[in-house]
Structures are given as C-alpha cells and as structure tokens.
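Q: okay, here's the prediction I keep looking at, along with the sequence it came from:
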Amino acid sequence: MNTRSNRMQIFSDNLSDLNIMVLSWKEKNEVVGFIPTMGNLHEGHLSLIRKIKEFGATKTIVSIYVNPKQFGPGEDYAKYPRTLDGDIKLLEKVNVDCVFCPSDKEIYPPNVESQVMINKLDLMDELCGKYRPGHFDGVLLVVNRLLSIIQPNIAIFGQKDYQQYVLIKNMVRQLIIPTEILMAPIIRENDGLAMSSRNSYLNSNQRSKAIHLYKSLISARKKIRENKIDCKSILRTEIERLNKIGLSVDYLEIRTSDDLSSVKEYKKKNDEYVLLGAVKLGKTRLIDNIIL
Ligand code: PAF
C-alpha cells in the first residue's frame, strides 16, 4: 500500500514504488536520511529526525517495524507498544517525507538469507549480547534489510543503544554498504532518565528507582575523573548500591568509545571511553551510557 497524508508518503508493501521515489530524489541530488525505529515514537526519536537534518539530510524516511528477530524467548515482543496511527500523525507534524511501515513478509520474505554474512565481532556476545543471546543478530539482519530496501545516503541511531551503533557501523563497513552511519546524543527526561519506549512498562515505584542507573553513571564518572580510587572499586560500589535499591545490574563497564573494546587500565583522556550500564527493574530492562 502507498498512501499520502498531506505531503508525507506512507509505504507498507510496495517496495518498488519506494525505490522509484528514493531514486528520483537522488537524481535531484537530495540527501536521503533514514531513521529506523520500532515506533511508539517519543522525543528521543524526534531528536533523531532533527539531528539527521542537521547532518545534511534533505529528505527523511522513518521506518516503523517491531522486528521479531531481535527479541528473545520470554522478552517483550508481544507487549511492545504499537501506536502506528499516533506515530504517523507525529511524523507528519515534524515534516518527515516518508514513512515505511512494512509487515513481516516484506522484511523476511521466504527463501531470503536469514543471517547477515559478516565476520562476527566478539562484541556481539558481550555487554547486552551476553544477556540477550541472538539479539544483535536480529538487529543486524533487520537493519541490513532496511538499508538494502531504502538505500539511504545517511542513517542515524541513538547513543542510548551504543553497542547497536558500533555493531551496525562494523556491518556497514564489512559489507561496503554505501550508507554513512551516524549517532545522535541521548535525550533524557527532566530527572535524567534516558528516554525509551520501555519506560512505559514501569510502575510509579519502579519509575522513581529507574533514575538511579543514570545517577550511578554520573557518580562513577565524577569519581573516575577525580582519580581517587581505582575504577574497579568505583564500579563495584555503584553496582552494590544499585542492587540494594532494587535494580538488578546486568553490567556496569568502561569500554573504549570507538569500538567498545575492553579496558584493562583506564587512562584519563577525554572522549576515549564510555561507561555503559544495564539493569533490570522487575521485568523491564533499561540501558544507559555516558562518555567519560
Ligand atoms: O533501536 C531500535 O529501535 C531498533 O533496534 C532498530 C534499529 C530500529 C532495529 O529494529
């Protein structure tokens, strides 16, 4: 289906019409910017749209697709919030040129490769990959499919999913996909909680506790910068504090900011490191990170 709401094109299944539209834009030297999402759009997504325009996109395409392959058994695929009508209205207001909301058969037609053929990095199974086996295989598969369908000049991802960004950049480099991959900063609620569709799962008690993940990142960064005690004991203290409050910590780790390699010894240099954390609050999993 291809519909038009005012000036925004909406595609769900007619991929060749979508291709023709993108080709005609490129012929006119437009810079096609792509913002992949799973919908339930919030200010964080809108900031990606603003940011990609700042990076030079003159045409914007937002995809809305809840990708089953990136959810593990027992995860929240079935209850993930689906708010397509509201999302489309919002995208129209912020002057997006095209929305792509495919169904499973467009993204995963039968007899199409169900794996991205790349040399896998160990990083796939570390940090979030350790707690969500197969998650990043699913992310790379859908992003690869979306990039092949849309063929944008640039695509943007949020810093909140830092590991996802690094892995996508690596895939694009290995497969020589002609799309530049960009990252946009985390957008936070007033109290500092990183915006996420999953925040809506939190009850008010959990919501008041959720902010402690960010507080721990900030507190650890301050102590690390002061260089008072070794990083390991700083992180250990924060993990204990979070666990005591009731946030069950999956990890709190310092990694290099370019490729998320493990860090044996932290040496103070701006922007070279990122501190990443993931916690569970009841059944809800929250992630966050800050540059050190
Ligand atoms: O970050 C997300 O919302 C998803 O992982 C993405 C990139 C849209 C792929 O489904």
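A: Thanks, I have it. Numbers count the residues shown, from 1 in each chain.

Q: ok, which stretches of the stretch 151-292 of the chain are helices?
A: Secondary structure of the stretch 151-292 of the chain (DSSP state H, counting those that start in this stretch): helices located at 162-174, 204-226, 231-245.

Q: I'd like to know which helix or strand in the protein has the lowest mean pLDDT.
A: strand 2-5 (a mean of 60; mean pLDDT, DSSP states H and E).

Q: for whichever helix or strand comes after it, packing partners?
A: Moving toward the C-terminus from strand 2-5, the next helix or strand (DSSP states H and E) is strand 8-11. Other elements packing on strand 8-11 under the criterion 3 or more CB pairs under 8 Å, 6 or more residues apart in numbering; DSSP states H and E are strand 2-5, helix 15-27, helix 84-93, strand 98-100. Every C-beta, even on glycine, is put in place using the N, C-alpha and C of the backbone.

Q: how about the residue in the stretch 51-200 of the chain positioned nearest to the ligand, nearest residue that isn't a chain neighbour?
A: Residue nearest to the ligand within the stretch 51-200 of the chain (CB to the nearest ligand atom): Asn67, separated by 4.1 Å. The shortest distance from Asn67 to any non-neighbouring residue, by CB to CB, 6 or more residues apart in numbering, is to Val142 (4.2 Å).

Q: for that neighbour, list the residues it contacts.
A: 36, 65, 67, 69-70, 107 (CB atoms under 8 Å, 6 or more residues apart in numbering).

Q: run the last query once more with 10 Å
A: Applying CB atoms under 10 Å, 6 or more residues apart in numbering to Val142 gives the contacts 36, 38, 63, 65-70, 102, 107-108, 116.

Q: please report the distance of Glu75 from Leu193.
A: Counting by CB to CB, to the nearest Å, the gap between Glu75 and Leu193 amounts to 21 Å.

Q: who has more neighbours, those two?
A: Leu193 (20 against 14; other CB atoms under 10 Å).

Q: measure that one to Lys215 for me?
A: 10 Å.

Q: try Asp161
A: 20 Å.

Q: Val62 - that's part of a strand, no?
A: Yes: according to DSSP: H, G, I helix; E, B strand; the rest coil, Val62 belongs to a strand.

Q: can you pull the contacts of it?
A: Counted by CB under 10 Å, 6+ apart, Val62 has contacts 8, 33-37, 39, 41, 45, 48-49, 52, 87-88, 90-91, 94, 96-101.

Q: nearest residue to it in space, please, no chain neighbours.
A: Ile35 (4.7 Å).

Q: tell me the secondary structure at that neighbour.
A: Per three-state DSSP, Ile35 ends up strand.

Q: one step back: ok, and which of the contacts of Val62 reach the ligand?
A: 36-37 (CB under 6 Å from any ligand atom).

Q: what residues does the stretch 1-150 of the chain have near the ligand?
A: 36-38, 67, 70, 139, 142-143.

Q: what about 5 Å?
A: 36, 38, 67, 139, 142 (CB under 5 Å from any ligand atom).
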